[in-house]
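K.L.:
what shape does this take:
(chains A and B)
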Protein chains: 2
Amino acid sequence: MRSLLLCVLASLAAATSSATEPPAVPYPEGYRHWLHVKSMVIQPGHALFDAFGGIHHLYANKKAEQGYRSGRFPDGSVIVFDLLEAPAADHTVQEGARKVVGVMHKDSKRYAATGGWGFEGFKGDSKTERAVGRNAATACFQCHTAKKDRDHVFSAFRP
Amino acid sequence: MRSLLLCVLASLAAATSSATEPPAVPYPEGYRHWLHVKSMVIQPGHALFDAFGGIHHLYANKKAEQGYRSGRFPDGSVIVFDLLEAPAADHTVQEGARKVVGVMHKDSKRYAATGGWGFEGFKGDSKTERAVGRNAATACFQCHTAKKDRDHVFSAFRP
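P.N.:
Predicted structure coming up:
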């Protein structure tokens, strides 16, 4: 009887949890063939080096392309922040191993609590190891609110 | 009579010239929506800084995508070397003004003399100002012969 009770409680907890937590952001399959928005290198000494040091490229799917043009990203927009190591040698900065695939996935209902955007980071070349998970509000959205007037997106398309 | 002779000679010269010179490489319209192959920063102090200093991105059209996979680029393949200023500030390297849009355009007959590739550079954001013109053999192909076993292409697709 006790084990049944525990089981029911556990199920209830799981149900409550899944009802209040936003659904997981899917891995952005095929993003390497999306529009290349822009790139930037963040070097040692920069305030964001620990989190974002390296060379990053931003990619946009078709819906996000509309968002970059209009300033409002429709549901279904996906932006990828592809962060690679950026080893410097012989007066060059080259692309190294992938550190994380950051994702912003627009769904104004599912992710209403974080500006309509789901945030996730997939570690290295993994499509399943998640770096953000339940911490999107503090780990991502908190900074992105600074760009509320641009639909929480920092980057702009470089022609 | 003399003016007629001059006219004939001029026409012959023009005909000879157009027969021996490869046709101009067209501007790669729409390349910013092509596959982003890879990127690199070349900094002051590098041997190629004068020619290629800055941040460059390589883009490939659909046919060139096949070439990056197979190692042999079919006719119609176009590769763009998009070179931008790369101002460094506050421990970042960012994208600046466009310096040149370099182009490799595969046509094994037209550009037989330079490995089947036509080479051109379009200055800054211009679609008409040409930086290479008739100097492709010495200004471009001479270096690219080092990669003859890879169909004269230096870059490789970064997954």
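K.L.:
and the helix or strand that contains residue A:142, which residues are buried?
P.N.:
Assigned by DSSP states H and E, residue A:142 falls within helix A:142-144. Neighbour counts over helix A:142-144 (16 or more other CB atoms under 10 Å in any protein chain shown) mark residue A:144 as buried. The C-beta positions use only the backbone N, C-alpha and C, and glycine is treated the same way.
K.L.:
repeat that for stretch A:132-145.
P.N.:
Buried positions in stretch A:132-145, judged by neighbour count with 16+ other CB under 10 Å: A:132, A:136, A:139, A:140, A:141, A:144.
K.L.:
let me see the contact set for the fifth one.
P.N.:
What it means is residue A:141. A:114, A:115, A:117, A:119, A:152 (CB atoms under 8 Å, 6 or more residues apart in numbering or on different chains).
K.L.:
give me the beta-bridge partners of the residue lying closest to residue A:31 once chain neighbours are set aside?
P.N.:
Using CB to CB, 6 or more residues apart in numbering or on different chains and skipping residues adjacent in sequence, the residue nearest residue A:31 is residue A:80, 4.4 Å away. Taking DSSP bridges as the rule, residue A:80 bridges to residue A:59, residue A:103.
K.L.:
is it correct that residue A:80 is in contact with residue A:37?
P.N.:
No. Residue A:80 lies out of contact with residue A:37 (CB atoms under 8 Å); the separation is 9.1 Å.
K.L.:
identify the contacts common to the two.
P.N.:
Shared contacts of residue A:80 and residue A:37, defined by CB under 8 Å, 6+ apart, comprise A:58, A:59, A:60.
K.L.:
which residue packs closest to the first one, ignoring adjacent ones?
P.N.:
Among residues not flanking residue A:58 along the chain, residue A:37 sits closest, at 3.9 Å (CB to CB, 6+ apart).
K.L.:
mind checking which helix or strand that neighbour is in?
P.N.:
strand A:35-42.
K.L.:
for residue A:83, grab the count of nearby residues.
P.N.:
21 (other CB atoms under 10 Å in any protein chain shown).
K.L.:
and it, how far from chain B?
P.N.:
13 Å (CB to the nearest CB, to the nearest Å).
K.L.:
average pLDDT for the helix or strand hosting that residue?
P.N.:
In this assignment (DSSP H and E), residue A:83 forms part of strand A:78-84. Per-residue pLDDT values across strand A:78-84 average out to 99.
K.L.:
output it as PDB, restricted to C-alpha atoms.
P.N.:
Below are the C-alpha coordinates for strand A:78-84, written out as PDB (Å, rounded to 0.1, in the frame of the first residue of the first chain):
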ATOM      1  CA  VAL A  78      14.700  29.000 -34.900                       C
ATOM      2  CA  ILE A  79      18.000  30.800 -34.400                       C
ATOM      3  CA  VAL A  80      21.200  28.800 -33.800                       C
ATOM      4  CA  PHE A  81      24.300  30.200 -32.000                       C
ATOM      5  CA  ASP A  82      27.000  27.800 -33.100                       C
ATOM      6  CA  LEU A  83      30.000  28.200 -30.800                       C
ATOM      7  CA  LEU A  84      33.400  26.700 -31.700                       C
END
